[in-house]
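In: next comes the sequence, and after it the predicted model I'd like to discuss.
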Amino acid sequence: MILGWQKLYRNDSMLVGAGALRWGHAPLVRARNSMAEKKVKMALPSGQIVDGVEVPVEETVERWSDIKLQDGTSLRIKMTVVSAVRADNDYDPLGQPFYSINMTPVIAVAEIPEHLKKQRSSN
């Protein structure tokens, strides 16, 4: 299942969608911001390093994934988008620019069974 994205590209171990960035939603269309573009380097799926432009993230929906381990532990995990970069002059066969998304994982322990916790010594 491709989560409602029109197309996926692989870049620096991240999957990047062209089109809708939120599952089940149409792409957001807004007027372009007139702020100066920050030039950066980015890697294409081929591994080639090219010029890119940092694109401010205007909106993101980051949902938690709930994971239950066999030992009874429950974890909550999500990826927080830090920044996005668009290739300056490199395009896929359909003429769409490549994107690289920088993300940070957020992991929260929701529940740990008592038998896995370290026993506190009483003083």
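Out: Now that the structure is in, tell me what you want to look at.
In: every contact and neighbour count from this point should use C-alpha atoms.
Out: Fine.
In: pLDDT weak spots in this structure?
Out: 1-36, 123 (pLDDT under 70).
In: name the helices or strands packed onto the longest strand seen in it?
Out: Criterion DSSP state E: the longest strand present in the chain is strand 74-91. For strand 74-91, the elements it packs on are strand 38-43, strand 49-55, strand 65-68, strand 97-111, judged by 3 or more Cα pairs under 8 Å, 6 or more residues apart in numbering; DSSP states H and E.
In: for those, give me a markdown table that also has mean neighbour count and distance to residue 90.
Out: Shown next, in a markdown table, are the helices and strands packed on strand 74-91 (neighbours: other Cα atoms under 10 Å; distance: least, Cα to Cα, whole Å):
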| stretch | mean neighbour count | distance to residue 90 |
| --- | --- | --- |
| strand 38-43 | 16 | 11 |
| strand 49-55 | 17 | 8 |
| strand 65-68 | 12 | 33 |
| strand 97-111 | 16 | 6 |
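In: go through those and name the closest to residue 88.
Out: Residue 88 sits nearest to strand 49-55 of all the helices and strands packed on strand 74-91, at 4.6 Å, using Cα to Cα.
In: partners of that closest one, with directions?
Out: strand 38-43 (antiparallel), strand 74-91 (antiparallel) (DSSP bridges).
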